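**Student:** Okay, here's the prediction I keep looking at, along with the sequence it came from:
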Amino acid sequence: LKNWNQIPTAPPDKILGISEAYVKDSNSQKINLGVGAYRDNNGKPIIFPSVKKAEGILLEKESEKEYTGIIGNKNYQSIVRDFIFNNSNKDANGAKLIKEDRIVTAQTISGTGSLRVIAEFLNRFYDSKTIKVPKPTWANHVAVFTDAGLQPEFYNYYDVENNSLDYENLKKSIESTPNGSIVLLHACCHNPTGMDLSNEEWDEVLQIITKKNLFPLVDMAYQGFALGNPYKDIELIRKLNQLVVNDELKSYALCQSFAKNMGLYGERIGSISIVTESSEQSVAIESQLKKLIRPIYSNPPIHGSKIVETIFSNENLYNSWLNDLDQVVGRLNKVRDQLYQKLDKSNYNWDHLTKQRGMFIYTGLSKDQVIKLRNDYSIYATEDGRFSISGVNENNVDYLANAINEVIK
Ligand code: PMP
């Protein structure tokens, strides 16, 4: 028996640890730029008005709290599948794959849960255990994949010296990946850099991926945050669907979350979709997903999926959700622009800020500068210089810009 006195204390989570330090700080001008969750112009978390209405409807109508299925119910699955792969009838290839029963969709415990489930699935049923992830990537990717038995390795993604995409080296490192490996792609609003590939760049990278027979695993946690509309942020999925329909790619998988684009963080609502080679394969894969999930958590929580189902089944609510999302993204873009305007550019090039999208800016500030911001100004961010832009608003943007201008002097 292991002596529990020998259990070492694990280090605190990098991002959540910052929030703890922020809470303890008594400076009234303190700013939390750590956690990637939306705040309004007063620095407060919100519930989307469309979500609040959907919850009102549920409160009236809901008559049971029964278990849902191991992978959620059929209505939720088909709503999500349609939303992502058919895009209001804008993607003929996705529609074809749906019609041919070649997309297995499961409700999961938000994005993290979907990543863990697909990682467990690939560990069981995919030959290669190597999964290439961008350098840098969301820290939890590496933890999730490692704990599920996969072996994460990095591909080049970002050029820290020049604050830009490291595109040539990105292609080279994917080119040198062993055939048949898994490759993780961020659908949009890359976390932490906010820097995405252009359509043309995706085309080139996807060519390498198909040539090398890699298995694309797409993580889409910020759908809608790049261009303010979920249907505009889905180019990568369209391209992958096209490749599958053209028989250039056999299959791929997609992890998705409503945490950010419906503001349903704590409801833990998301999905995994696996594009298969045939309807027969879909039957087998779906059954294996159930077999895999059942002994872990039996079935997912129901409140979030009911909110999603309610919003998608009511045109008014649906349109009001798209509007809510547009407002959220609009505020983030506005404040990003305001910050950019106020930054001192005489000795420091800030142009990368205007190219980054989503919830974060990847400032390029050094660890020492980030620590100085924390110690001297009570501005809290992760030491890699990633700032969650949702912590910025019209009341603190001057204070923040001034502090940054001081630490880069
Ligand atoms: N992927 C990425 C890139 C993320 O940034 C996040 C959230 N921080 C997730 C997945 C998962 O989030 P959740 O489990 O809350 O849906």
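**Tutor:** Looks like it came in fine.
**Student:** The helix or strand where residue 108 lies near the ligand anywhere?
**Tutor:** Element membership for residue 108 (DSSP states H and E) is strand 103-109. No - judged by CB under 6 Å from any ligand atom, strand 103-109 stays clear of the ligand, getting no closer than 7.4 Å. Backbone N, C-alpha and C define where each C-beta goes, glycine included.
**Student:** can you list contacts of the next helix or strand after that strand?
**Tutor:** Using DSSP H and E, the next helix or strand after strand 103-109 towards the C-terminus is helix 110-125. Helix 110-125 is contacted by residues 106, 108, 129, 131, 140-141, 144-145, 147-150, 182, 215, 217, 219, 221, 253, 255-259, 265, 267-272, 274, 288-289, 292-293, 300 when judged by CB atoms under 8 Å, 6 or more residues apart in numbering.
**Student:** Give me the distance between helix 110-125 and the centre of its chain.
**Tutor:** 15 Å (CA atoms, centre = their mean, to the nearest Å).
**Student:** For whatever residue of the stretch 151-300 of the chain ends up closest to the ligand, give me phi and psi.
**Tutor:** Across the stretch 151-300 of the chain, the shortest distance to the ligand (CB to the nearest ligand atom) belongs to residue 257, at 3.2 Å. For residue 257, the backbone dihedrals (degrees, to the nearest 10) come out as phi -140, psi 140.
**Student:** Assess the claim that it and residue 225 are in contact.
**Tutor:** No - under the criterion of CB atoms under 8 Å, residue 257 is not in contact with residue 225, lying 11.6 Å apart.
**Student:** wait, what's in contact with the residue of the stretch 301-409 of the chain found nearest the ligand?
**Tutor:** Relative to the ligand, the nearest point of the stretch 301-409 of the chain is residue 359 (7.9 Å; CB to the nearest ligand atom). Going by CB under 8 Å, 6+ apart, residue 359 touches 36, 38, 189, 191, 194, 222, 225, 260, 332, 388, 389, 390.
**Student:** Who wins on neighbours among those?
**Tutor:** The most crowded member of those is residue 222, carrying 28 neighbours; neighbours defined as other CB atoms under 10 Å.
**Student:** before we move on, which element is it in?
**Tutor:** Judged by DSSP H and E, residue 222 forms part of no helix or strand.
**Student:** quick revisit: which residues touch the residue of the stretch 151-300 of the chain closest to the ligand?
**Tutor:** 110, 111, 112, 114, 220, 221, 269, 270.
**Student:** Which members of the contacts of helix 110-125 occur in helices, if any?
**Tutor:** 140, 141, 144, 145, 147, 288, 289, 292, 293 (DSSP state H).
**Student:** what about burial for the residues you listed, which qualify?
**Tutor:** For these, a burial check counting by 16 or more other CB atoms under 10 Å picks out 140, 141, 144, 145, 289, 292, 293.
**Student:** For those residues, give me TSV that also has pLDDT and distance to the ligand.
**Tutor:** Converted to TSV, these look like this (pLDDT from 0 to 100; distance: CB to the nearest ligand atom, whole Å):
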residue	pLDDT	distance to the ligand
140	94	7
141	98	7
144	98	9
145	98	12
289	98	18
292	98	18
293	98	16
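**Student:** Looking at the ones in helices among the contacts of helix 110-125, which one is closest to residue 233?
**Tutor:** residue 141 (19.4 Å; CB to CB).
**Student:** how much space between that closest one and residue 209?
**Tutor:** 18 Å (CB to CB, to the nearest Å).
**Student:** Need the max-distance pair from the buried ones among the ones in helices among the contacts of helix 110-125.
**Tutor:** 140 and 289 (21.2 Å).
**Student:** I figured residue 208 hits residue 172, correct?
**Tutor:** No - taking CB under 8 Å as the definition, residue 208 is not a contact partner of residue 172, at 9.5 Å.
**Student:** Among the two, which residue is more densely surrounded?
**Tutor:** residue 208 (17 against 13).
**Student:** The more buried one belongs to a helix, doesn't it?
**Tutor:** Yes - counting by DSSP: H, G, I helix; E, B strand; the rest coil, residue 208 is found in a helix.
**Student:** got the contact list for it?
**Tutor:** 171, 174, 175, 214.
**Student:** make it 10 Å
**Tutor:** 170, 171, 172, 174, 175, 176, 177, 183, 214 (CB atoms under 10 Å, 6 or more residues apart in numbering).
**Student:** ok, now residue 230?
**Tutor:** Here residue 230 is in contact with 83-84, 87-88, 188, 220, 222-224, 261-262, 321-322, 325 (CB under 10 Å, 6+ apart).
**Student:** From residue 260, how far off is it?
**Tutor:** 11 Å.
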